[in-house]
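J.: My questions concern the predicted model and sequence given below.
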Amino acid sequence: MTRIKPYMRAFDAQHDDAFESFGICDEEGMMWISDDTVIDIRDREYFQRIQETGADFVISDPIISKSNEEPIVIIHHRIFGVEDKTSGYVNAAIRLSKLSELASEVVVEDGQGWLVDGSDHIFTPTQAGYEVTELEAFQTLGAAAVRDQQGYRVEGQNGQEGRLFLAPLKSVPGWQMGIVISEEAMAAPTQKLITSLMGLGGGILLIAVFLVGVIISGIFRPMNRLTALIEQAGAGDLSVRFEEKRRDEIGRLGERFNWLLGQIQDLIGQVKEKEKEKQRAEMTALQAQIQPHFLYNTLDTIQWKALEHGADEAADMIQALSKFFRYSLNQGKEWTSLENEVQQIRNYLFIQKIRYEERLQFEIDCRADMQWEIPKLILQPLVENAIYHGIKPKAKGGSIRIEIYEEARRLEIAICDTGIGMEPMALRKLRESVAGDGESLGVGMKNVQRRLQLVYGKAYGITRILSGSGGTRIELRIPKRGGQG
């Protein structure tokens with residue numbers, strides 16, 4: 001005790017404004033107070049309660065101090081020693097006037113706080129027109145009932161309505177903080193909030209209207225522009241373009257519009273080029289048909305002169321040549337029967353046979369409907385290639401075999417020669433040229449391929465070219481058209 005007393009007196013001096021006194025108590029209930037008073041508190045309610053409950057601390061009900069008759073409450077706190085065993089207690093007497101002062105400093109709107117202890121005693125001054133101790137709620141229900149009615153409606157001395165709110169003090173069991181706020185004060189922030197929200201809502205509405213206008217303008221302006229461009233294109237001006245760079249649907253639509261116009265211009269260019277080619281072809285055909293009867297009559301005259309002089313072989317050549325020219329002109333017709341095409345190639349091979357004599361042999365094996373309609377002059381360029389590039393360079397010459405047969409409503413044609421054949425590199429280049437991927441080789445062969453594919457499509461025409469040391473084989477495929485089909 002001798003060592004503790006200086007500390008207790010220091011506490012007393014330091015906290016004199018809020019605490020009346022400090023004391024130290026042993027386990028038997030004998031307490032020494034900082035003014036050197038010793039009292040027995042064994043029969044005090046708060047000492048008995050801490051003994052019974054084993055709590056760390058208890059707060060007494062308000063009592064009157066014997067030293068100055070001022071209302072106080074006692075905080076009785078356990079002191080733990082070795083192994084957490086109770087060594088004694090420390091007491092602090094708090095002036096209720098100080099607690100009431102602290103509570104009244106809690107201001108919410110026009111209401112101020114007050115305290116209620118565990119025995120429903122109220123410590124507060126009269127505030128904002130309300131006398132808490134005279135509230136109807138306390139008179140009829142009691143403080144305990146009011147504690148269970150958060151926001152209970154009450155009426156002050158001046159008739160002003162308000163609401164009573166209570167909040168428990170967690171660190172002080174049984175004690176509560178209370179406050180009464182007038183209805184008018186409670187409604188004021190709400191009304192202010194409503195006014196602010198209405199103003200904010202009006203501003204947001206104006207901004208929304210503006211943004212909607214901007215968005216609609218951003219959509220319809222380019223749409224109107226694109227519509228105008230489409231109308232210009234429809235009127236024939238294909239040079240127009242949608243220039244706006246956008247990443248939305250309208251931008252993608254504009255890109256597709258520009259792409260479509262480009263495609264149309266390309267197609268128109270191709271059509272114009274084809275028209276020019278057609279005109280050139282027609283001009284060539286017309287030039288070829290200039291006075292054809294003069295040519296035929298001249299050949300007939302030469303044939304009769306050959307017969308008069310006994311040149312039968314020359315006369316036969318002239319007759320075959322005359323038939324060849326007549327078939328080639330064919331009165332400007334592009335289509336002919338398979339029978340005429342086979343006869344034409346016989347005339348051509350007959351003329352070449354007379355020229356090359358024993359160095360050229362030929363055979364035509366036709367097992368197909370002779371009335372099958374095909375484009376004219378598709379065999380002669382291929383046979384000519386076989387003679388000049390296969391048979392002619394070979395010292396002993398060779399033979400040509402033409403096979404024609406039907407299969408699944410298709411005409412299959414093969415032109416085979418026993419010439420010198422082709423080197424692998426030359427064969428690859430020829431295939432690429434005929435397919436349209438490489439440099440132009442084999443003009444006659446490429447011309448035949450182009451004509452057949454223009455008529456029948458990419459699946460037809462020259463389908464295979466085979467060549468080696470034993471010669472060359474070219475295969476064609478033509479679908480059924482005309483005749484018995």
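T.: Cool, the structure landed. Residues are numbered from 1 along each chain as shown.

J.: so where's the stretch 251-400 of the chain uncertain?
T.: Across the stretch 251-400 of the chain, the ranges flagged by pLDDT under 70 are 280-301, 303-305, 308, 315, 320-333.

J.: immediately after the helix of greatest length in the chain, which helix or strand?
T.: If you go by DSSP state H, the chain has its longest helix at helix 183-234. As assigned by DSSP states H and E, the chain's next helix or strand after helix 183-234 is helix 249-288.

J.: Check which helices and strands that following helix is in contact with.
T.: Judged by 3 or more C-beta pairs under 8 Å, 6 or more residues apart in numbering; DSSP states H and E, helix 249-288 is in contact with helix 183-234. Any C-beta I mention is one placed from the backbone N, CA and C, and that applies to glycine too.

J.: now the angle between helix 249-288 and the longest helix of the chain, please.
T.: Helix 183-234 and helix 249-288 are oriented at 0 degrees to each other (axes from the mean of the first three to the mean of the last three C-alpha atoms, to 10 degrees).

J.: starting at the chain centroid, how far to the strand or helix carrying H76?
T.: Using DSSP H and E, H76 maps to strand 71-80. Offset of strand 71-80 from its chain centre (C-alpha atoms, centre = their mean, to the nearest Å): 71 Å.

J.: so after that strand, what's the next helix or strand?
T.: strand 86-95.

J.: For that next one, which helices and strands make contact with it?
T.: strand 19-25, strand 30-33, strand 71-80.

J.: what would those look like in a markdown table with distance to R431 and mean neighbour count?
T.: As requested, those are exported to a markdown table (distance: least, C-beta to C-beta, whole Å; neighbours: other C-beta atoms under 10 Å):
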| stretch | distance to R431 | mean neighbour count |
| --- | --- | --- |
| strand 19-25 | 113 | 21 |
| strand 30-33 | 120 | 18 |
| strand 71-80 | 105 | 18 |
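
J.: which stretch among these comes nearest M8?
T.: strand 19-25 (5.0 Å; C-beta to C-beta).

J.: Parallel or antiparallel, list what pairs with the closest one.
T.: With DSSP bridges as the test, strand 19-25 is paired with strand 30-33 (antiparallel), strand 86-95 (antiparallel).

J.: Residues touching the last one, excluding its own?
T.: Right, the one you point to is strand 86-95. Contact with strand 86-95 is made by 18-27, 31, 33, 47, 50, 65, 70-81, as judged by C-beta atoms under 8 Å, 6 or more residues apart in numbering.

J.: now the angle from the strand holding H76 to strand 86-95?
T.: Strand 71-80 and strand 86-95 are oriented at 160 degrees to each other (the same axes, to 10 degrees).

J.: contact partners of strand 71-80?
T.: Contacts for strand 71-80 (C-beta under 8 Å, 6+ apart): 20, 25, 44, 46-47, 50, 55-65, 86-97, 99, 117, 123.

J.: tell me the mean pLDDT over it?
T.: Averaged over strand 71-80, pLDDT sits at 86.

J.: Pairing partners for it, with directions?
T.: Using DSSP bridges, the strands paired with strand 71-80 are strand 57-59 (antiparallel), strand 63-64 (antiparallel), strand 86-95 (antiparallel).

J.: can you tell which of those is closest to P6?
T.: With C-beta to C-beta, the closest approach to P6 among the strands paired with strand 71-80 belongs to strand 86-95: 14.7 Å.

J.: what comes into contact with stretch 467-480?
T.: So stretch 467-480 is in contact with 372, 374, 378, 382, 386, 390, 398, 409-422, 427, 445, 448, 452, 456, 459-466, going by C-beta under 8 Å, 6+ apart.

J.: buried residues in it?
T.: By neighbour count on 16 or more other C-beta atoms under 10 Å, the buried set for stretch 467-480 is S467, G471, T472, R473, I474, L476, R477, I478, K480.

J.: Restricting to C-alpha, output the one helix or strand the third one maps to in PDB.
T.: This means T472. Following DSSP H and E, one finds T472 within strand 471-479. Taking only C-alpha atoms (Å, rounded to 0.1, in the frame of the first residue of the first chain), the coordinates of strand 471-479 have been written out as PDB:
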ATOM      1  CA  GLY A 471       5.100 -40.200-126.600                       C
ATOM      2  CA  THR A 472       2.300 -37.900-125.300                       C
ATOM      3  CA  ARG A 473      -1.300 -38.400-124.400                       C
ATOM      4  CA  ILE A 474      -3.900 -35.600-124.000                       C
ATOM      5  CA  GLU A 475      -7.300 -36.300-122.600                       C
ATOM      6  CA  LEU A 476     -10.500 -34.100-122.900                       C
ATOM      7  CA  ARG A 477     -13.900 -34.400-121.400                       C
ATOM      8  CA  ILE A 478     -17.100 -32.800-122.800                       C
ATOM      9  CA  PRO A 479     -20.600 -33.200-121.400                       C
END
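
J.: S399 bridge partners, please.
T.: Assessed by DSSP bridges, S399 has beta-bridge partners Q361.

J.: need the contact list for it.
T.: Going by C-beta under 8 Å, 6+ apart, S399 touches L360, Q361, F362, E363, I391, D417, T418.

J.: can you rerun that using 7 Å?
T.: The contact partners of S399, taken as C-beta atoms under 7 Å, 6 or more residues apart in numbering, are Q361, F362, T418.

J.: where does the stretch 51-200 of the chain dip in pLDDT?
T.: Under the criterion pLDDT under 70, the flagged ranges of the stretch 51-200 of the chain are 102-114, 117-162, 171-173, 183, 186.

J.: For the stretch 351-485 of the chain, just list every one of the strands.
T.: 360-367, 373-375, 398-407, 410-417, 461-468, 471-479 (DSSP state E, counting those that start in this stretch).

J.: Parallel or antiparallel, list what pairs with the fifth one.
T.: Sheet pairing here is set by DSSP bridges, and for strand 461-468 it gives strand 471-479 (antiparallel).

J.: For M1, list the residues it contacts.
T.: Residues near M1 by C-beta under 7 Å, 6+ apart: W32.

J.: if we go to 6 Å?
T.: With contact set as C-beta atoms under 6 Å, 6 or more residues apart in numbering, M1 has no partners.

J.: same check, this time on the one 3 residues further on
T.: When contacts are counted by C-beta under 6 Å, 6+ apart, I4 is found next to I24.

J.: Count residues in the vicinity of R431, would you?
T.: Residues contacting R431 under the criterion other C-beta atoms under 10 Å number 17.

J.: E249 and L260: what is the separation?
T.: 16 Å (C-beta to C-beta, to the nearest Å).

J.: With D248 instead?
T.: For D248, the distance to L260 equals 19 Å [C-beta to C-beta].

J.: likewise F80?
T.: Distance from F80 to L260, by C-beta to C-beta: 91 Å.

J.: From the contacts of S399, list just the buried residues.
T.: Neighbour-count burial (16+ other C-beta under 10 Å) applied to the contacts of S399 gives F362, T418.

J.: Name the nearest of the contacts of S399 relative to A306.
T.: For the contacts of S399, the nearest to A306 is F362 (23.6 Å; C-beta to C-beta).

J.: That closest one and I400 touch, don't they?
T.: Yes: the pair F362 and I400 passes the contact test of C-beta atoms under 6 Å, sitting 4.5 Å apart.

J.: in stretch 402-418, what counts as buried?
T.: I402, E403, I404, L411, E412, I413, A414, I415, C416, D417, T418.

J.: TSV for the residues you listed, including distance to V434 and pLDDT?
T.: What follows is those, written out as TSV (distance: C-beta to C-beta, whole Å; pLDDT from 0 to 100):
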residue	distance to V434	pLDDT
I402	19	95
E403	20	95
I404	20	94
L411	19	93
E412	18	95
I413	15	95
A414	16	95
I415	14	95
C416	17	95
D417	17	95
T418	22	94
